[in-house]
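**Q** sharing a model that was predicted from the sequence below.
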Amino acid sequence: MTVIADSRKRVILKPAKPGDRFDVQVTPEGKMILTPLVPDNKPDRVRFVKKHGYTVAVGTRPISQEQVRKLMDEFP
């Protein structure tokens with residue numbers, strides 16, 4: 001496949017979808033290698049709510065008791 005950059009240095013790849021990310025490596029010979037990056041899960045969205053008079057953080061991903069214990073052990 002041959003693509004041409006426009007005046008804003010943009011290139012359109014037919015198989016790529018909006019939001020796709022690529023790792024670009026330029027070799028010493030001037031070749032460019034595009035490697036698709038696998039997206040992580042969506043970031044955890046946290047919001048603060050009042051529960052029983054306390055402000056607590058509520059996230060979109062569940063967290064286990066073991067994860068909480070590990071993080072609390074690392075806390076200074």
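**A** Great, that's in hand.
**Q** list of residues touching stretch 54-62?
**A** For stretch 54-62, the surrounding residues in contact (C-beta atoms under 8 Å, 6 or more residues apart in numbering) are 41, 42, 44, 45, 46, 47, 48, 49, 50. For the C-beta atoms, the positions are set from N, CA and C on the backbone; glycine is no exception.
**Q** could you do stretch 1-9 as well?
**A** Under the criterion C-beta under 8 Å, 6+ apart, residues 11, 12, 13, 14 lie in contact with stretch 1-9.
**Q** for residue 36, which non-adjacent residue is spatially closest?
**A** Using C-beta to C-beta, 6 or more residues apart in numbering and skipping residues adjacent in sequence, the residue nearest residue 36 is residue 22, 5.7 Å away.
**Q** quick check: pLDDT value at that neighbour.
**A** The confidence metric pLDDT takes the value 92 at residue 22.
**Q** close enough to count as contact, it and residue 38?
**A** No. In this structure residue 22 lies outside contact range of residue 38 using C-beta atoms under 8 Å: 11.1 Å.
**Q** the more surrounded of these two?
**A** Taking other C-beta atoms under 10 Å, residue 22 and residue 38 do not tie; residue 22 has more neighbours (13 against 5).
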